[in-house]
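Trainee: sequence plus predicted model, see below.
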Amino acid sequence: SKDLKLGNLNLHPVREYKNNKSYVIGYSASLGLKIDVSTEDKKLVPQISALASRFEGENTEVNIHGVNPYVSDKKQRESFEELFEKTMDDARFKAKLYAAGVDRKLGVVLVMSDKPLQVQSIDPNPAPMKKMMYSRGGGPEAR
């Protein structure tokens, strides 16, 4: 089953020491097991761990090495549309506020990206250093 995956099987000798000598008296085995349980009920997680520990017996020990919660691909796709709509509503709201803050109205969308954008401002006035060069007769045409 895709919900149950066996991991590594490890065998280790169990030793007994007598008179400064080591004797192998048996072997210890451990097996990794990954169980994929799908639930939206967070209360079930401790119950699943408790259920796993019921497999312990006289010569059996169960260790749970972590719970890795995740959102399934199917659930991500289902949530994406709702989250996208909320994000776009938020972007429109903020854009209207920015526009109103500078006494403008929103126009058509010029650029849209799901990655960070770099914006380069265009200053119609030359930088102060260039301004000084031009006022002294310097600049590109002085060459």
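Mentor: Perfect, I can see it now.
Trainee: how many other residues sit next to Ala99?
Mentor: 13 (other C-beta atoms under 10 Å). Where C-beta positions appear, they are placed from N, C-alpha and C, glycine not excepted.
Trainee: show me the contacts for it.
Mentor: Counting by C-beta atoms under 8 Å, 6 or more residues apart in numbering, Ala99 touches Lys105, Leu106.
Trainee: report the distance from the helix or strand containing it to the chain centre.
Mentor: For Ala99, the host element (DSSP states H and E) is helix 73-101. Taking C-alpha atoms, centre = their mean, to the nearest Å, one finds the center of helix 73-101 at 19 Å from the center of the full chain.
Trainee: one more: stretch 46-60?
Mentor: On C-alpha atoms, centre = their mean, the centre of stretch 46-60 falls 31 Å from that of its chain.
Trainee: what residues does that stretch touch?
Mentor: With C-beta under 8 Å, 6+ apart, stretch 46-60 has contacts from Ile35, Val37, Val62, Ile64, Val67.
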